Each structure stands twice: as C-alpha cells, then as structure tokens.
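Student: Build the 3D model from these lines:
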Amino acid sequence: MAITVVQLGSAREDGEGVRIGTVRRPPRGVPKQEFASRNYYDVWLPILSPSQALVTEAKAATTDAEWAVFVRSFAKEMKVPEASHVLDLLATLSHATHFAIGCYCENENHCHRSVLRRLLEDRGAAFVAERCS
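Tutor: Numbers count the residues shown, from 1 in each chain. Next comes the predicted model:
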C-alpha cells in the first residue's frame, strides 16, 4: 500500500487507487462529471493546495532562491491544523491502501506536490517506488 504522486490528467497506473486532486481550482472546460474519466481526479482536496498568493509566487519563481521561499511559505501554510490533520490522515492511509495525489504542473520538482511528498514522508507515509519511463 502506498501513495503515487502524479500529474493530473496523465494516464493512470495499474493499481493507482483513488486519485486526489490537491489543486486550488478544478480543470478548466471539463464538466465535473468527467473529472475522473479524463484522469484528473476522483476527489478534490483543495486544502492541500497553496493559497492563490502562493500559486502566483510559485509561477513567478525563476531562481532556486525564489523557489525556496515558496517551499518555506507553502510548508508554513500546511502547518495550520486543518491541513496538518489531512496530511496525518493521508500518511496513515498510505499504509492501508493505494491512492494518488496530484497537481496539473508538468514538473514535480517545481510544483507544490514535491513539498507535499516531503511533508508526507516526514509523517512516515509510504510511497510507490519511482518508475523509469
């Protein structure tokens, strides 16, 4: 049992389980009833997305230093009790079932899901091993 970290809209892996969208906004131009069938997400969990101000900051980050500021700010946002409890829950569930968390960004290394991965790892979450393409 483990978590897979994905780009929303990408093809699902066998055994991936429920796909959780950790994004601020639903996909544009996609009817709600088609979110799952188009491989976006089965469940929307915006509490694990950056605030709109941080989304803007992340998109503008062009240097490692600017990205590091975003990472620290987002990690701070995830310390609020509501988000922290959800992270604790997901870390615990990762030992009992397969599921995926994701965002639309193409590059995980420059996406808030890389921060979520670290925060979940810090809580002892289990992750699916990276697959080579």
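
Student: Quick one: name whatever helix or strand follows the lowest-mean-pLDDT helix or strand in the chain.
Tutor: The helix or strand of the chain with the lowest confidence, counting by mean pLDDT, DSSP states H and E, is helix 52-60 at a mean of 94. Remark: after helix 52-60, the chain's next helix or strand is helix 64-77, criterion DSSP states H and E.

Student: how far out from the middle of the chain is that next one?
Tutor: Taking the mean of its C-alpha atoms, helix 64-77 sits 15 Å from the chain's own mean (CA atoms, centre = their mean, to the nearest Å).

Student: got the angle between that helix and helix 52-60?
Tutor: 160 degrees (axes from the mean of the first three to the mean of the last three CA atoms, to 10 degrees).

Student: Could I have the CA atoms of helix 64-77 written out in CSV?
Tutor: C-alpha atoms of helix 64-77 as CSV (Å, rounded to 0.1, in the frame of the first residue of the first chain):
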residue,chain,number,x,y,z
ASP,A,64,16.4,28.4,-6.8
ALA,A,65,16.2,31.1,-4.1
GLU,A,66,12.8,32.2,-5.2
TRP,A,67,11.6,28.6,-5.3
ALA,A,68,13.0,28.0,-1.8
VAL,A,69,10.9,31.0,-0.5
PHE,A,70,7.8,29.4,-2.0
VAL,A,71,8.6,26.0,-0.4
ARG,A,72,9.0,27.5,3.0
SER,A,73,5.8,29.6,2.7
PHE,A,74,3.8,26.6,1.5
ALA,A,75,5.2,24.3,4.2
LYS,A,76,4.1,27.0,6.7
GLU,A,77,0.6,27.0,5.2
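
Student: Thanks a lot, catch you later.
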